[in-house]
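Visitor: The following comprises the amino acid sequence and a computationally predicted model.
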Amino acid sequence: MTVKVRLLLAGIAACALVLLWGYWYSARHADLQLSVNDYALKSSTQSYGNPHGVSLVFRDASNRELAVSRSVEPIGYILAVHPDGAIGNCQHLTQQGEYGSCYARYSTWTATWADQVRTADVTVGSCNLHAIPVAVEHSNKDWPLWWVPLRHIGGLPRQYFEFVVAIDSRACAAVTPDRAR
């Protein structure tokens, strides 16, 4: 084999290994977006609102508890809470290096359970609902782009999960998309 052919094969092998590592990494790390759509908060400009003081317990098909989530007040966004108190939801860390290290552990933990979520127990104020269906959107399509050296495209690859729970806190009931209108 000539030197050029060897270099070409080495280049192809290196590219394949980079892409394989990207896929492997993305399969073991996940980002979450959690929402509770409360149709009791409907107004003339919106179909639902996002309640404050929310707690969620995510469960799998066998009703086993996977993770607990809580809203972060006063803003009201919802974050899953890692069982290790030192990690929590990483928001208590302010320095860039500390947060990055914490989030790497947090996203690894998230990837172990997020694809198993089927239902959630929801608490909003005095309303407690059990086994509410969770609408799950999952994507792992961006992993081949992780190596692109652009801030808005590159970065370490992660799969993406979006969980949406629809309720009516006034009636203290789950809402299906048909009833929401």
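Guide: Good, I have the coordinates.
Visitor: where's the residue nearest the centre of the chain, which helix or strand?
Guide: Closest to where the C-alpha atoms of the chain average out (CA atoms, centre = their mean) is Leu32, at 1.2 Å. For Leu32, the host element (DSSP states H and E) is strand 30-38.
Visitor: Report the beta-bridge partners for the residue nearest to the centre of the chain.
Guide: Phe161 (DSSP bridges).
Visitor: Please, where are all the helices along this structure?
Guide: 3-27, 96-113, 177-180 (DSSP state H).
Visitor: Please pull out the lowest mean pLDDT helix or strand from this structure.
Guide: Here the helix or strand of the chain ranked lowest by mean pLDDT, DSSP states H and E is helix 177-180, holding a mean of 55.
Visitor: Can you give me the distance of the residue nearest to Arg118 when sequence neighbours are not counted to Gly97?
Guide: In space, and not counting its chain neighbours, Arg118 is closest to Ala61: 4.9 Å by CB to CB, 6 or more residues apart in numbering. C-beta coordinates here come from the backbone N, C-alpha and C atoms, glycine included. Distance of Ala61 to Gly97, computed by CB to CB, to the nearest Å: 39 Å.
Visitor: for Phe58, same thing?
Guide: Counting by CB to CB - Phe58 and Gly97 are separated by 30 Å.
Visitor: which residues touch Ile75?
Guide: By CB atoms under 8 Å, 6 or more residues apart in numbering, no residues touch Ile75.
Visitor: let's see it at 10 Å
Guide: Residues in contact with Ile75 (CB atoms under 10 Å, 6 or more residues apart in numbering) are His52.
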